[in-house]
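Peer 1: have a look at this prediction, sequence included:
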Amino acid sequence: MTLNEIWAAARPRLAPKCRACPVCDGRACRGEIPGCGAMGDGSSWTACTEFLARVKLRMDTLHECWKPDASAELFGVKLAAPLCLAPIGGMAHNYDNAITEERWTLCAVDGAKRAGILPFTGDGAPEEYEMGLAAARANGGFDVPTIKPWRDNGKIIARAQECAALGCPAVACDVDAAAFANMGSAVGQVGAKSPADLEEICAAVPVPFIAKGVMTGEGARKCAGSGCAGIVVSTHGGRVISSAQATGEALIEIRRAVADSLTVIVDGGVRTGADIFKLLALGADAAMIGRPFFVAAVGGGAEGVRLYADTKLAELENVMIMTGCRSIGEIGPNKISLG
Ligand SMILES: Cc1cc2nc3c(=O)[nH]c(=O)nc-3n(C[C@H](O)[C@H](O)[C@H](O)COP(=O)(O)O)c2cc1C
């Protein structure tokens with residue numbers, strides 16, 4: 001099974017909601033929500049890919065390293081690479097049930113585990129959260145469930161404690177779903193979280209808590225000050241606002257603002273090992289990929305997810321050789337140019 005075969009198998013199953021484009025860059029599906037596009041003119045997604053394309057790699061092959069070590073540790077979990085699989089939800093809504101919530105979640109967690117990358121699963125419709133828990137249970141807690149910013153902090157805390165009891169290494173909350181107009185029966189039940197809300201939640205949750213969808217240094221500082229262990233620099237794949245800054249660009253300000261006090265993961269248009277490398281060089285601890293993993297699961301199941309992740313790992317290792325980085329720790333700003 002090759003990635004081309006997986007994409008060819010996924011294309012008819014995903015039509016017309018997703019075209020399974022050879023390069024998933026947000027152009028063909030601009031504005032398609034429900035669907036897999038980004039909001040409005042799609043600019044919050046395309047800004048990410050355009051920013052990443054502007055960052056250039058600086059070659060250095062005069063070194064002794066033949067086999068770089070791309071392994072990393074996130075929230076106490078040893079990984080083959082600093083890569084996460086993003087939570088993707090709303091199968092009925094966004095993908096006309098091309099795959100069930102249950103199958104997607106199991107493929108995502110199982111495939112990520114086989115590849116040694118960290119999976120995040122979603123929340124929203126009641127069955128979505130349950131599926132994430134079931135996949136975590138089937139994989140010894142190997143999952144970071146991503147809970148919606150429910151208005152009731154008690155609901156977030158109860159869910160997070162349930163996940164911690166299953167052995168999940170961390171729990172996330174997609175705080176950027178504050179104005180989500182897209183959650184069927186949940187409209188009006190989610191909202192913005194204040195630093196006091198985050199403090200209450202973090203104090204009650206026994207595992208690291210991650211705020212997903214933080215885009216400014218000020219926001220990141222609020223998270224650190226409230227007890228969060230990490231953030232995901234993200235615009236929800238451009239689905240919650242248009243005209244947002246590129247996530248890679250926001251990362252620069254964020255890393256400056258919080259130094260090493262937070263684990264920082266970045267998503268949005270990350271498609272290659274070179275993109276992962278660029279974000280690490282700009283200060284990320286890990287990168288996260290969403291939509292292509294979903295296409296891989298539809299076309300190739302858990303093996304498709306594993307193959308896609310392994311391919312990104314091989315690409316990352318290749319860039320590490322070409323830039324003279326023996327380990328992830330050696331990837332820094334001196335290895336890129338901002339053009
Ligand atoms: C169809 C769809 C559904 C999504 N559902 C969720 C979700 O339930 N929770 C969440 O935190 N993010 C959700 N996201 C956002 C992703 O987790 C991630 O931030 C984004 O897709 C990353 O960008 P990429 O797809 O360009 O890699 C969703 C994205 C898509 C495309």
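Peer 2: In hand now; what should we look at? Numbers count the residues shown, from 1 in each chain.

Peer 1: which residues touch the spatially closest residue to residue 118 that is not a sequence neighbour?
Peer 2: Among residues not flanking residue 118 along the chain, residue 84 sits closest, at 4.6 Å (CB to CB, 6 or more residues apart in numbering). All C-beta atoms are positioned from the backbone trio N, CA, C, and that covers glycine. Residue 84 is in contact with 74, 117-120, 144, 265, 267, 286-289, counting by CB atoms under 8 Å, 6 or more residues apart in numbering.

Peer 1: again, 10 Å this time
Peer 2: The contact partners of residue 84, taken as CB atoms under 10 Å, 6 or more residues apart in numbering, are 74, 112, 117-120, 144, 172, 232, 265-267, 270, 286-290, 293.

Peer 1: what's the next secondary structure element after the helix or strand bottoming out on mean pLDDT in the chain?
Peer 2: Within the chain, no helix or strand scores below helix 126-138, which has a mean of 85 by mean pLDDT, DSSP states H and E. Next along the chain after helix 126-138, taking DSSP states H and E as the criterion, comes strand 144-147.

Peer 1: C-terminal to that following strand, what's the next element?
Peer 2: Counting by DSSP H and E, what follows strand 144-147 is helix 153-166.

Peer 1: surely residue 142 touches residue 132?
Peer 2: No - Residue 142 lies out of contact with residue 132 (CB atoms under 10 Å); the separation is 11.6 Å.

Peer 1: where do the contact lists of those two overlap?
Peer 2: What both residue 142 and residue 132 touch, as defined by CB under 10 Å, 6+ apart, is the set 109, 119, 168.

Peer 1: quick one: the first one from the ligand, how far?
Peer 2: By that I understand residue 109. 14 Å (CB to the nearest ligand atom, to the nearest Å).

Peer 1: you'd agree that residue is in a strand?
Peer 2: No - using DSSP: H, G, I helix; E, B strand; the rest coil, the assignment for residue 109 is helix, not a strand.

Peer 1: excluding chain neighbours, what is closest to it?
Peer 2: Closest residue to residue 109 apart from its sequence neighbours, by CB to CB, 6+ apart: residue 135 at 4.0 Å.
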